[in-house]
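**Student:** Okay, here's the prediction I keep looking at, along with the sequence it came from:
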Amino acid sequence: MTPDLRLYALVDPAVAGGRSLPELAKLVAPATTIVQLRDKHGSTRDMVATARALKAVLKPAGIPLLINDRVDVALAAEADGVHIGQDDMAAADARRLLGKEAIIGLSITSLTQAAEAPLDLLDYVAIGGVYATTSKDNTASPIGTGGLRAIAAPIRARAANYPICAIAGITAANAGDVVDAGADGVAVISALSLAPDPAAAARALRKSVDDALKRRR
C-alpha cells in the first residue's frame, strides 16, 4: 500500500514528555497520518504490550502503527508494519515474514544507500537527518534541505512518485522547506512529544505540510 506520510509521529518512552505513549498517540492522532513505536531499551514483552495499547488507540482512527527495527514485535502485536535501518533485518527478510500487505520503510542517509535501496520491497523511505536533533544518538552532520534534495533525486529517478519522508529536527517552522525540497511528509518526535500542547503542535505541523504540498502541486 502507499502510506500517507504527511505527519509521521514517532513515539518513544525515552522522549515522551512525561506522558504514556497511548496518551500521547491519542493527543496527536487527529492530525497524524502514521505512527511508529520506537523503543531502543525496553524489553520485548513490554514493547508488545505497548504496541497493542497503541494499536487500540490508533485503529479506530484508521492510523497505521509501525514498529521500529523489531519485526518480531510487529508480528506479535499485529502491527501494520516496520521501519528498518541499514543495520537491521534485510528488507527481503522483513517482507517475507510480514507479508505483502505490511508497510515497510527504510532509513536512507546517503546517495549510495539511495541508489541501492530495494524500492520494490519497500513502501517508503525516510531520509535524514535533515536538521540537528537530540532525539537520537547521531554523530553525523545534518544534511539540510540541500542534502535531502540530493538524496531524494536518485530515488525519484528510479520511481517518480516514490513516497519519501524526511526526519530529524523538523518543526512547524521548517516543515514547509522540507516538503519544498521533495519530501511527501515529515517524521517527528520531540516536536510533538515535548511540546506543551502536543495536539496543537500536531495540528500546526500538519498544516505546514499540507500547505507546502498544495503549493508544490
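**Tutor:** Okay, I see it.
**Student:** if you skip the residues just before and after it, what's nearest to residue 166?
**Tutor:** residue 183 (4.0 Å; CB to CB, 6 or more residues apart in numbering). Where C-beta positions appear, they are placed from N, C-alpha and C, glycine not excepted.
**Student:** got the buried residues for stretch 172-187?
**Tutor:** Neighbour counts over stretch 172-187 (16 or more other CB atoms under 10 Å) mark 172, 174-179, 181-187 as buried.
**Student:** circling back: show me what contacts the residue nearest to residue 166?
**Tutor:** Contacts for residue 183 (CB atoms under 8 Å, 6 or more residues apart in numbering) come out as 5, 127, 148, 152, 164, 165, 166.
**Student:** Please apply the same query to residue 152.
**Tutor:** If a contact means CB under 8 Å, 6+ apart, then residue 152 has 114, 127, 164, 181, 182, 183 as its contacts.
**Student:** And it, which helix or strand is it part of?
**Tutor:** Using DSSP states H and E, residue 152 sits in helix 144-158.
**Student:** same check, this time on residue 19
**Tutor:** Assigned by DSSP H and E, residue 19 falls within no helix or strand.
**Student:** so what's the residue nearest to residue 8 when sequence neighbours are not counted scoring on pLDDT?
**Tutor:** Among residues not flanking residue 8 along the chain, residue 187 sits closest, at 4.1 Å (CB to CB, 6+ apart). pLDDT recorded at residue 187 is 98.
**Student:** Let me know the secondary structure of residue 187.
**Tutor:** strand (DSSP: H, G, I helix; E, B strand; the rest coil).
**Student:** Ok, the one 5 residues further on next?
**Tutor:** Taken by three-state DSSP, the conformation at residue 192 corresponds to helix.
**Student:** surely it meets residue 24?
**Tutor:** Yes - contact criterion CB atoms under 8 Å: residue 192 and residue 24 qualify, at 7.5 Å.
**Student:** what residues do those two have in common as contacts?
**Tutor:** Contact criterion CB under 8 Å, 6+ apart; residues shared by residue 192 and residue 24: residue 198.
**Student:** What segments of this structure are helices?
**Tutor:** Assigned by DSSP state H, the helices in the chain fall at 21-28, 44-58, 71-77, 91-98, 111-116, 144-158, 175-180, 190-193, 198-216.
**Student:** Identify each buried residue in the fourth one, please.
**Tutor:** Neighbour-count burial for helix 91-98 flags 91, 94, 95, 98 (criterion: 16+ other CB under 10 Å).
**Student:** can you list contacts of that helix?
**Tutor:** Residues from elsewhere that reach helix 91-98 (CB under 8 Å, 6+ apart): 71, 74, 75, 81, 82, 84, 102, 104, 106, 118, 121, 122.
**Student:** can you name the two of the residues you listed that are farthest apart?
**Tutor:** 75 and 118 (20.3 Å; CB to CB).
**Student:** The two - which one has more neighbours?
**Tutor:** The neighbour count for residue 75 versus residue 118, taken as other CB atoms under 10 Å, is higher for residue 75 (16 against 12).
**Student:** circling back: among the buried residues of helix 91-98, which one sits closest to residue 52?
**Tutor:** residue 98 (16.8 Å).
**Student:** Which pLDDT value goes with that closest one?
**Tutor:** For residue 98, the predicted pLDDT is 98.
**Student:** Please apply the same query to residue 105.
**Tutor:** pLDDT, read off for residue 105, is 98.
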